[in-house]
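# sequence-free structure coming up:
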């Protein structure tokens, strides 16, 4: 029992000692140590919350609430990270409406395919803060075999994708589409496919898998835009500063009646809406990055075109 107590107490004590040491070091070494303290703390908390998620997954699956597993674990990670590191994501819904639904109401739409921009490893925390109930992620198939995290993902209805095998990937999306319709389970996907590590508001080229899935399942796309947080976490320069990052949930984009032929236009429309909001959020944070604010959203442009035609 004493050995177990030492085992549990050692990591927090080491982290505390490292934090105190940052007060005595010159600026650059202190920055590096702060970054590594943050990374170690995040890794430990992610493991703890994955264990918690695995433990609650079994009873939740037994009583028929398996769709809440990732939401439950995500919220635990959110509050642990806020207390331990001082970083969190503040989620707001856009007031704009599309198809009678605003961004504020989008989180309650199910099933849906949520798509978000992918900046760094910290996006795991972003998911913990924004994740709606009855939603799961997609992940690389190799993660399925990672101890604890992989077990948690497998129990919580994660859709594993073998990116090296197009046939297997399509089969996984076929299964996901059927599951979404039968269980009303939503899915979150990063359409960029990899982390951008962008220092300015920018998006990589979108892959089409998420959009094919939405069209196949005939469910809406819900864009989730996370403001550029280079000022909070700079992985390349190994800098970290506590802070709050703004996230916007945009109105759902309907896919009803669409086919594979409409996917390219759907990708372009979604990416434009997300890019406009990403630039706007950079101004909200006070950074701006030299980018002018978008003149109008797609919805506003449509309304203006209609007014011009009437006049």
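Nice, thanks for sending it over. Quick caveat: nothing in here was measured; it's all calculated off a predicted structure.
# close enough to count as contact, residue 127 and residue 75?
No. In this structure residue 127 lies outside contact range of residue 75 using C-beta atoms under 8 Å: 10.6 Å. C-beta here means a position set from N, CA and C on the backbone, and glycine is covered the same way.
# Neighbour count for these two, which is higher?
residue 127 (23 against 14; other C-beta atoms under 10 Å).
# Can you name the residues that contact that one?
Applying C-beta atoms under 8 Å, 6 or more residues apart in numbering, we find residue 127 in contact with 74, 137, 188.
# my guess is it is in a strand, correct?
No. Using DSSP: H, G, I helix; E, B strand; the rest coil, the secondary structure at residue 127 is helix, not a strand.
# quick one: the helices in the stretch 51-200 of the chain?
For the stretch 51-200 of the chain, the helices defined by DSSP state H, counting those that start in this stretch occupy 69-85, 103-106, 123-130, 149-155, 166-183.
# any chance of these in TSV, plus mean pLDDT and distance to residue 48?
As requested, the helices of the stretch 51-200 of the chain are exported to TSV (pLDDT from 0 to 100; distance: least, C-beta to C-beta, whole Å):
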stretch	mean pLDDT	distance to residue 48
helix 69-85	94	7
helix 103-106	87	30
helix 123-130	95	13
helix 149-155	81	11
helix 166-183	76	28
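# Which stretch among the ones you listed is buried most, on average?
Stretch with highest mean neighbour count among the helices of the stretch 51-200 of the chain: helix 123-130 (a mean of 21; mean count of other C-beta atoms under 10 Å).
# from the chain's centre, how far out does that one sit?
Computed by C-alpha atoms, centre = their mean, to the nearest Å, the chain-centroid distance of helix 123-130 equals 5 Å.
# same question, stretch 126-142
How far stretch 126-142 lies from its chain's middle: 7 Å, per C-alpha atoms, centre = their mean.
# do stretch 110-125 as well
Counting by C-alpha atoms, centre = their mean, stretch 110-125 comes out at 2 Å from the chain centroid.
# Next, the distance between the ends of it.
Using C-alpha to C-alpha, to the nearest Å, the end-to-end distance of stretch 110-125 comes to 22 Å.
# list the buried ones in it?
110-120, 122-125 (16 or more other C-beta atoms under 10 Å).
# Please identify which of these is nearest to residue 58.
Nearest to residue 58 among those is residue 124, at 22.3 Å by C-beta to C-beta.
# Tell me which residues touch that closest one, please.
46, 77.
# From residue 135, how far off is it?
14 Å (C-beta to C-beta, to the nearest Å).
# and what of residue 47?
Distance, residue 47 to residue 135, using C-beta to C-beta: 22 Å.
# Residues contacting stretch 175-183, please?
67, 111, 134, 138, 157, 159, 185-187, 213, 216-219.
# which of these has the most neighbours?
Most neighbours among the contacts of stretch 175-183, by other C-beta under 10 Å: residue 187, with 26 neighbours.
# Please list all residues in contact with that one.
Taking C-beta under 8 Å, 6+ apart, one finds 111, 113-114, 135-138, 159, 176, 180, 210, 213 in contact with residue 187.
# Check it and give its pLDDT.
Here the pLDDT value assigned to residue 187 is 92.
# could I get the helices of the stretch 51-200 of the chain as a markdown table with distance to residue 223?
A markdown table is the format used below for the helices of the stretch 51-200 of the chain (distance: least, C-beta to C-beta, whole Å):
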| stretch | distance to residue 223 |
| --- | --- |
| helix 69-85 | 19 |
| helix 103-106 | 9 |
| helix 123-130 | 12 |
| helix 149-155 | 24 |
| helix 166-183 | 18 |
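# which stretch among the ones you listed comes nearest residue 230?
Nearest to residue 230 among the helices of the stretch 51-200 of the chain is helix 123-130 (13.3 Å), distances taken as C-beta to C-beta.
# contacting residues for residue 241?
Contacts of residue 241 by C-beta under 8 Å, 6+ apart are 231-232.
# number of nearby residues for residue 274?
There are 22 residues near residue 274, going by other C-beta under 10 Å.
# I'd guessed it sits against residue 250; true?
Yes. Counting by C-beta under 8 Å, residue 250 is a contact partner of residue 274 at 7.3 Å.
# Now list whatever residues contact both of those two.
In terms of C-beta under 8 Å, 6+ apart, residue 274 and residue 250 are both contacted by the residues 223, 225.
# which ones among the contacts of residue 187 are found in strands?
Counting by DSSP state E, the contacts of residue 187 place 113-114, 135-138, 159 in strands.
# so how far is residue 218 from residue 133?
From residue 133 to residue 218 the distance is 21 Å (C-beta to C-beta).
# now residue 260
12 Å.
# Kindly report the same for residue 194.
Taking C-beta to C-beta, one finds residue 194 at 28 Å from residue 218.
# do residue 142 as well
The gap separating residue 142 from residue 218 is 31 Å, by C-beta to C-beta.
# can you check residue 244 too?
36 Å.
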